[in-house]
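1. I'd like to go over a predicted model; first the sequence, then the structure.
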Amino acid sequence: MDPLFLLKDRLSRAFERKWAPILLIFLLLCSTMCGILFVKTPVFYDYNLKLCDRFLDRVCYSDRNVFLIFLERTAGNALCLLLLLVGGLHPVCLPVPFVTVAFRAYSCGGMTAVLFSVYGVSGAVVALALYLPVRFFLDCVFLLAASCSVSRAFRFRFCAADMREALSDLLFFLALVVLVCLFEMILLLVFFHPIGNIL
């Protein structure tokens, strides 16, 4: 099937309830700003510092195979995608995508602040060359998936047609997540890893 048609179909369903994408974008921006502004909060500062250390050690400056890193990153983001799509199974599950988006955005704001303030120039290079571009594309995919999920929640029935639609959405958004993770792998090879590290 035509990928452009699939994308148009998801976009039309995402804006079926116009308040959903608007609220999700607002939530993402506010949570990101809160993550930046409250980064010095002791509990979250330690948490974000550990996230940054792990990101730098295990992704950016790791001597591991970049394909293995790609698989790990894809699996982690696929799990996040599943949480976003769970909200589309019943109105009771609707808080799940909103909480997921808010938590991811808060962590993104905190990690960005830590990368710039603690790691200085090297942290800024990582943030601008790798972390923020990849995060931007993943957020676009996740916001679209969450909007589709919210729109589906009010009409979803456990019948064959609705189950096929939910599975189709999962596969479509998973394919987009894989593409973004491939983009991340290319950035890793270009900026941080030697070419030989692909094997």
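-> Great, that's in hand. Residues are numbered from 1 along each chain as shown.
2. which one is the spatially most central residue of the chain nearest to, not counting chain neighbours?
-> Per C-alpha atoms, centre = their mean, the C-alpha nearest to the average position across the chain is that of L138, at 4.0 Å. In space, and not counting its chain neighbours, L138 is closest to V180: 5.4 Å by C-beta to C-beta, 6 or more residues apart in numbering. (Glycine included, C-beta is placed from N, CA and C.)
3. still on that earlier bit, OK, contacts around the residue nearest to the centre of the chain?
-> 77, 177, 180 (C-beta atoms under 8 Å, 6 or more residues apart in numbering).
4. do you know how far L130 is from V118?
-> 17 Å (C-beta to C-beta, to the nearest Å).
5. higher neighbour count, those two?
-> Neighbours were counted for L130 and for V118 using other C-beta atoms under 10 Å; L130 has more, 19 against 14.
6. can you check the pLDDT for the more buried one?
-> pLDDT for L130: 93.
7. likewise for F136?
-> 96.
8. nearest residue to F38 other than its sequence neighbours?
-> F44 (6.7 Å).
9. dump the residue contacts of that neighbour.
-> Neighbouring residues of F44 by C-beta under 8 Å, 6+ apart: 35, 38, 106, 110.
10. just the residues you listed now: which is nearest C60?
-> Taking C-beta to C-beta as the measure, C60 lies nearest G110 of those, at 17.5 Å.
11. ok, and the closest non-adjacent residue to the closest one?
-> N48 (3.7 Å).
12. ok, now how distant is that neighbour from A105?
-> From N48 to A105 the distance is 13 Å (C-beta to C-beta).
13. common neighbours of those two, please.
-> With C-beta under 8 Å, 6+ apart, N48 and A105 have common neighbours G35.
14. still on that earlier bit, which among the contacts of F44 count as buried?
-> Among the contacts of F44, those classed as buried by 16 or more other C-beta atoms under 10 Å are 35, 106, 110.
15. can you redo the residues you listed as TSV with secondary structure and pLDDT?
-> Shown next, in TSV, are the buried ones among the contacts of F44 (DSSP: H, G, I helix; E, B strand; the rest coil; pLDDT from 0 to 100):
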residue	secondary structure	pLDDT
G35	helix	93
Y106	helix	95
G110	helix	93
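16. okay, those residues in TSV with distance to P21 next?
-> Shown next, in TSV, are these (distance: C-beta to C-beta, whole Å):
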residue	distance to P21
G35	21
Y106	19
G110	24
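17. quick one, longest helix in this protein?
-> helix 160-191 (DSSP state H).
18. hey, C-alpha coordinates of the one helix or strand L84 maps to in CSV?
-> Applying DSSP states H and E as the criterion places L84 in helix 66-86. Written as CSV, here are the backbone C-alpha positions of helix 66-86 (Å, rounded to 0.1, in the frame of the first residue of the first chain):
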residue,chain,number,x,y,z
VAL,A,66,26.3,0.4,16.5
PHE,A,67,23.8,-2.1,15.2
LEU,A,68,23.4,-3.5,18.7
ILE,A,69,22.8,0.0,19.9
PHE,A,70,20.2,0.5,17.1
LEU,A,71,18.4,-2.7,18.2
GLU,A,72,18.4,-1.6,21.9
ARG,A,73,17.1,1.9,21.0
THR,A,74,14.4,0.6,18.7
ALA,A,75,13.2,-1.8,21.4
GLY,A,76,13.0,0.9,24.0
ASN,A,77,11.1,3.3,21.7
ALA,A,78,8.8,0.5,20.6
LEU,A,79,7.9,-0.1,24.2
CYS,A,80,7.1,3.6,24.5
LEU,A,81,5.0,3.4,21.4
LEU,A,82,3.0,0.5,22.9
LEU,A,83,2.2,2.6,25.9
LEU,A,84,0.9,5.4,23.7
LEU,A,85,-1.3,3.1,21.7
VAL,A,86,-2.7,1.4,24.8
